[in-house]
Every structure is written in C-alpha cells, then in structure tokens.
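Peer 1: generate coordinates for the sequence data below:
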Amino acid sequence: MAIELWTWDTPNGRKISVALEEMGLAYTVHPVDINKGEQFDPAFLAFSPNNRIPAIRDSEGPEGTPITVFESGAILIYLGAKSGKFWPSGLRAQVPVLEWLMWQMGGFGPMLGQVHHFLGVESEVDRRYGLARYQKETQRLYGVADRRLERVPYFAGEEVSIADFAILGWAWRHERHGISLADYPHVRRWYETMMARPATQRGFAVALR
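Peer 2: The predicted structure is shown next:
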C-alpha cells in the first residue's frame, strides 16, 4: 500500500516529496489548499493537530499497523527509519543528521518564512523593520550553512541524509528570500549537486496542488 501524503506546494511539503522519491517509497498525494484554509478541516486536524502541512498516513506502519505522522522533521525521521535510507543506523552517525535537521526546523525555515511574510506586507513602515530583522538572520544562517559545507560535501558529512532534504526544501526558495547563492559558494555547490539528482528532480516536479 502507498503512503498517503497530505501536503501543499511549499518548502515543507517539498521536503517530503523529495524524500519519498529518493527513498523509492510509493505514495499518493492529497493536496491541502492552505490558501483556502483546508488545513483547518476537522478530518485533517484529527491527525495533524497543529493544522500544518505536511502529514502522512502509512497503512503499513510499525508491526504492520497503520500510523499517522505530522511535522516534517518527524516525517523525515520516520521515513528514513522505515526505508533504511538516508538515516544511519548508529547513534554516533545519527547525531549530525539530527543536529542539522533541528537547525533547519528551528531556524532555516522559520526565519526564512518571516522574510516571505514581510515581503507581502503592504505598509512600507511595517515591512521595513521586519525585513531588516529577518533578512539579516537569513543571511547569517546561509553563512552557517556555507561554513559547514566548506568542510563536508553534505550537511551530516560524507553522505546525503534526511537533513539535506529538509534544508533543500527551503534553499529551493533562496531567490524569494533575497539570497544570491553566488555569495555562498559552498551552498551553491551543494544545492546544484542535490538538484541534479534524478529522484530529487522528481520530488520537485510532482504535483502537490
């Protein structure tokens, strides 16, 4: 049975479609139109209580029983453990994956999303402060990423991991949050390498709306 993915065409949604394609897991897409408020539908809230996409339902979960998972980071860990791909088996190897996954969930996403928000604010007075604050933090985070990728090919080390899928979902929108990858050459090398992967390309091409 295919995994059911409830999502929309957003950075967090693309994390999961890319991961599913990279892991070779069968899935079906259920678009949740966040522009129409479908994320507040009681049926969706029953398994995604924070009214956010994405969420999944796996009819062949642990011990062969169905399971639902919400929050994109939790979904990535679940899918990595289920497939045995992009999620190392040993605790020592898992630590850098978790570090960079949490870095994305806590900063390289929420802060960039604030840039997206303030770009849409009509009032110049209201927009100016928000953009100055969050674009500065966005630039700092890209700098953190660039220094990391100067040392290693991928965020967790020598191999692609679920942390790369998480971060890629947001780096995909770099132009929208005012970032030129020319200013971050190691991020650009990593980004171009990831986006050249056939499964990643399929993950970005699949219709999520």
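Peer 1: quick one: which helix or strand includes the closest residue to residue 176 other than its chain neighbours?
Peer 2: Of all residues not flanking residue 176 in the chain, residue 116 sits nearest, at 6.3 Å (C-beta to C-beta, 6 or more residues apart in numbering). Where C-beta positions appear, they are placed from N, C-alpha and C, glycine not excepted. Per DSSP states H and E: residue 116 is located in helix 110-119.
Peer 1: identify the residues contacting that helix?
Peer 2: Outside helix 110-119, the residues that touch it by C-beta atoms under 8 Å, 6 or more residues apart in numbering are 11, 126-127, 130-131, 133-135, 137-138, 141, 170, 173, 176-178.
Peer 1: cool, and stretch 54-71?
Peer 2: Taking C-beta under 8 Å, 6+ apart as the rule, stretch 54-71 contacts 1, 3-8, 12-13, 15-16, 27, 44, 47-50, 52, 72, 75, 78-79, 82.
Peer 1: again, 7 Å this time
Peer 2: 1, 3-7, 12-13, 16, 47-48, 50, 72, 75, 78 (C-beta atoms under 7 Å, 6 or more residues apart in numbering).
Peer 1: and the furthest pair within those?
Peer 2: 1 and 50 (25.6 Å; C-beta to C-beta).
Peer 1: buried subset of the contacts of stretch 54-71 as a ChimeraX selection?
Peer 2: Buried residues within the contacts of stretch 54-71, by 16 or more other C-beta atoms under 10 Å, are selected in ChimeraX with:
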select :3,4,5,6,7,12,13,16,48,72,75,78
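Peer 1: which one of the contacts of stretch 54-71 is nearest to residue 121?
Peer 2: The closest of the contacts of stretch 54-71, once distances to residue 121 are taken by C-beta to C-beta, is residue 12, at 21.6 Å.
Peer 1: what's the closest non-adjacent residue to that closest one?
Peer 2: That would be residue 72: by C-beta to C-beta, 6+ apart, it lies 4.6 Å from residue 12.
Peer 1: right, I'll leave it there.
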